[in-house]
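Asks: Coordinates for the following, if possible.
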Amino acid sequence: MPEDALSDVLRQVHLKACIYFVKDMPAPWGMDIPAVANGPLHMVLEGSCVLKAGNQQVTLRAGDAVLLSNGARHQMLDAPDTTPEPGARVMQRLLDETQEAPQISATRMLCGHFEWDNAFEHPLFQELPAVMIVRDVFSGKNADRFRAIVDLISTESTDIRPGSSAIADRMGEVLFVSFLRQWLVDNTPNEGVLAVIDDPRLSRALHQIHGSPEAELTLSVLARTAGMSRTSFAIKFRAAMGIPPAEYLACWRLLKARNLLLRTDMTTPEICSRVGYGSDAAFSRAFKRQFGLPPSKLRSQT
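Replies: Sure, this is the predicted structure:
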């Protein structure tokens, strides 16, 4: 498999999806969705609707999707002047009803949410815009991929056979990653983790950090992996990421260690070795500086 820094991060955060429904929604309709701890996603499959979030009002059409990455309160409406109902009430009504055939002049919506392990405080999820929109995914070179994903979700979300819900949710995870990848193509970030991931040379070095945190990854080693001089690599990495390579490496090591503490039975010395610390004492000091408590206390609290 090719080197892939984005997949490295997504594996560590244990991405999960939950698909609520794929439904025809005849006008008038409106959902007032409160702030939540996950990341709601809405995708228009047919027709159009209006998103209101903060001071934004955006019209979404077939093939458009929106992700509220920090779970901000928002409204989804058939028209700007529609008075919305509480989102939970609308959702329950949609889940309770049975649609035998597509409804004429209705907006067909796919709705769900995504969540990730907030204990793994990777800067990627702090940098995502609060409102992320991709347009017209049913055209262009990735159209067949998006249609195949949506068709499978649509089929499984109405199937009563065992395992259908699990299949829909797993395909929801595929939809999230495809959405994020398309957003990267459309927006080309200039700084932050996504900018580094989007740069082929820097991304190779990032993947090496992710894959080998226990190794002695000096500036020379990382620059060689990126195919750049030490100076050029250091300057370009810091300009994009906002911190030098060594600082990101230290951050990743500690995040990885925290994940291992919370999710495995590995001993502290084993974790030290796995993330590249030569002594328990040095690891404990660095861990406490980063997270405010020593490793042993974090584990005892879970």
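Asks: so how many other residues sit close to the residue lying closest to residue 115 once chain neighbours are set aside?
Replies: The spatial neighbour of residue 115 that comes closest, neighbours along the chain excluded (C-beta to C-beta, 6 or more residues apart in numbering), is residue 38 at 4.1 Å. (Glycine included, C-beta is placed from N, CA and C.) Neighbours of residue 38 under the rule other C-beta atoms under 10 Å: 18.
Asks: got a list of what residue 38 touches?
Replies: With contacts defined as C-beta atoms under 8 Å, 6 or more residues apart in numbering, residue 38 is in contact with 18, 71, 113-115.
Asks: got it, and residue 169?
Replies: Here residue 169 is in contact with 16-19 (C-beta under 8 Å, 6+ apart).
Asks: so can I have a markdown table of the residues you listed showing neighbour count?
Replies: Putting those into a markdown table (neighbours: other C-beta atoms under 10 Å) gives the following:
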| residue | neighbour count |
| --- | --- |
| 16 | 16 |
| 17 | 22 |
| 18 | 16 |
| 19 | 23 |
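Asks: So for residue 99, what's the pLDDT?
Replies: At residue 99, the pLDDT value in this model is 58.
Asks: Oops, could you answer that again for residue 247 instead?
Replies: pLDDT, read off for residue 247, is 94.
Asks: Please identify which helix or strand holds it.
Replies: helix 245-263 (DSSP states H and E).
Asks: after that helix comes which helix or strand?
Replies: Following helix 245-263 toward the C-terminus (DSSP H and E): helix 268-275.
Asks: What lies in contact with that following helix?
Replies: So helix 268-275 is contacted by 213-214, 253-254, 256-257, 260-261, 266, 278-280, 283-284, 295-296 (C-beta under 8 Å, 6+ apart).
Asks: let's see it at 10 Å
Replies: 213-214, 250, 252-261, 264, 266-267, 277-284, 286-287, 294-296, 299 (C-beta atoms under 10 Å, 6 or more residues apart in numbering).
Asks: Next: stretch 137-157.
Replies: Contacts for stretch 137-157 (C-beta under 10 Å, 6+ apart): 17, 19-23, 43-45, 62-65, 108, 110, 112, 134, 136, 163-172, 174-175, 177-179, 181-182, 185-186.
Asks: Swap in 7 Å and give it another go.
Replies: For stretch 137-157, the external contacting residues (C-beta atoms under 7 Å, 6 or more residues apart in numbering) are 19, 21-22, 45, 62-63, 65, 110, 164, 167-168, 171-172, 174-175, 178, 182.
Asks: Return a ChimeraX selection command for the buried portion of these.
Replies: Buried members of the contacts of stretch 137-157, defined by 16 or more other C-beta atoms under 10 Å, are picked up in ChimeraX with:
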select :19,21,22,45,62,63,65,110,167,168,171,172,175,178,182
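Asks: Now go through the contacts of stretch 137-157 and say which are in helices.
Replies: 164, 167-168, 171-172, 174-175, 178, 182 (DSSP state H).
Asks: Surely residue 42 forms part of a strand?
Replies: Yes - using DSSP: H, G, I helix; E, B strand; the rest coil, the assignment for residue 42 is a strand.
Asks: Burial check on it, number of neighbours?
Replies: Residue 42 has 22 nearby residues by other C-beta under 10 Å.
Asks: pretty sure it is touching residue 112, no?
Replies: No - checked against C-beta atoms under 7 Å, the pair residue 42 and residue 112 is beyond contact range at 8.4 Å.
Asks: Mind listing what's buried along the helix holding residue 247?
Replies: For helix 245-263, using 16+ other C-beta under 10 Å, the buried residues are 245, 248-261.
Asks: Residue 278 and residue 227, how far apart?
Replies: 29 Å (C-beta to C-beta, to the nearest Å).
Asks: for residue 196, same thing?
Replies: Relative to residue 227, and taking C-beta to C-beta, residue 196 is found at 15 Å.
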